[in-house]
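Asks: Predicted model and sequence below, questions to follow.
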Amino acid sequence: MDKNLLERSLALVDLPDDGLTVRFYEVLFARYPEVQPMFSRGMRPQAAMLRTAIIAVIDHLEDPQWLESTLGTLGRRHAELGVTGPMYGAVAECMIAAMSEIGGPRWTPEMTAAWTEALTAVASLMMAAYPDEEGTSGAA
């Protein structure tokens with residue numbers, strides 16, 4: 001993964017007051033209204049937590065143990081909430097749409113590709129920790 005490109009592109013779209021992640025949730029709920037009931041908290045705290053998580057993941061891209069542990073824990077929590085595999089694809093789609101919208105003409109296909117790769121990897125690590133049918137974690 002191109003950490004430098006991810007950092008530069010995030011700096012381009014990281015608006016004040018969690019504007020990127022607020023816009024992400026607006027896009028997500030507009031495109032996938034069926035997921036909105038999964039969010040019981042107000043959007044501002046949720047957006048702030050998501051922004052913090054995105055920055056933490058980028059900061060730890062070269063630390064596979066941190067990524068596996070942290071994203072595994074997060075994945076187990078998401079599994080308990082009923083988050084399904086296709087929902088991760090919707091999240092990636094809507095995050096990249098929000099980034100592209102905010103970035104405007106400065107947002108490039110390379111940035112889209114880098115974020116697609118990163119968000120796919122994050123989803124894979126989270127889903128690897130989902131319990132299997134026997135109730136044990138998918139990660140060994």
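Replies: Received, thanks.

Asks: Quick check: residue 82 vs residue 117, distance?
Replies: Distance of residue 82 to residue 117, given as C-beta to C-beta, to the nearest Å: 26 Å. The way it works is simple: take the backbone N, C-alpha and C, and place the C-beta from them, glycine included.

Asks: who's more crowded, those two?
Replies: residue 117 (15 against 9; other C-beta atoms under 10 Å).

Asks: tell me which element that one is part of?
Replies: Using DSSP states H and E, residue 117 falls within helix 109-128.

Asks: how far away is residue 19 from residue 98?
Replies: 9 Å.

Asks: These two: who's more crowded?
Replies: The residue with more neighbours, out of residue 19 and residue 98, is residue 98; 22 against 15, by other C-beta under 10 Å.

Asks: isn't that one right next to residue 29, touching?
Replies: No: counting by C-beta atoms under 8 Å, residue 98 does not reach residue 29; the two are 11.7 Å apart.

Asks: how many neighbours does the closest residue in space to residue 115 that isn't next to it in sequence have?
Replies: Nearest non-adjacent residue to residue 115, counting by C-beta to C-beta, 6 or more residues apart in numbering: residue 96, 5.3 Å away. Residues lying near residue 96 (other C-beta under 10 Å) number 20.

Asks: so residue 96 sits in a strand?
Replies: No: assignment of residue 96 by DSSP: H, G, I helix; E, B strand; the rest coil gives helix, placing it outside any strand.

Asks: Quick check: the gap between it and residue 112.
Replies: In this view, residue 96 and residue 112 are 6 Å apart by C-beta to C-beta.

Asks: continuing past the least confident helix or strand in the chain by mean pLDDT, what's the next helix or strand?
Replies: Taking mean pLDDT, DSSP states H and E as the measure, the chain has helix 43-59 as its least confident helix or strand, at a mean of 91. Downstream of helix 43-59, the first helix or strand assigned by DSSP H and E is helix 64-80.
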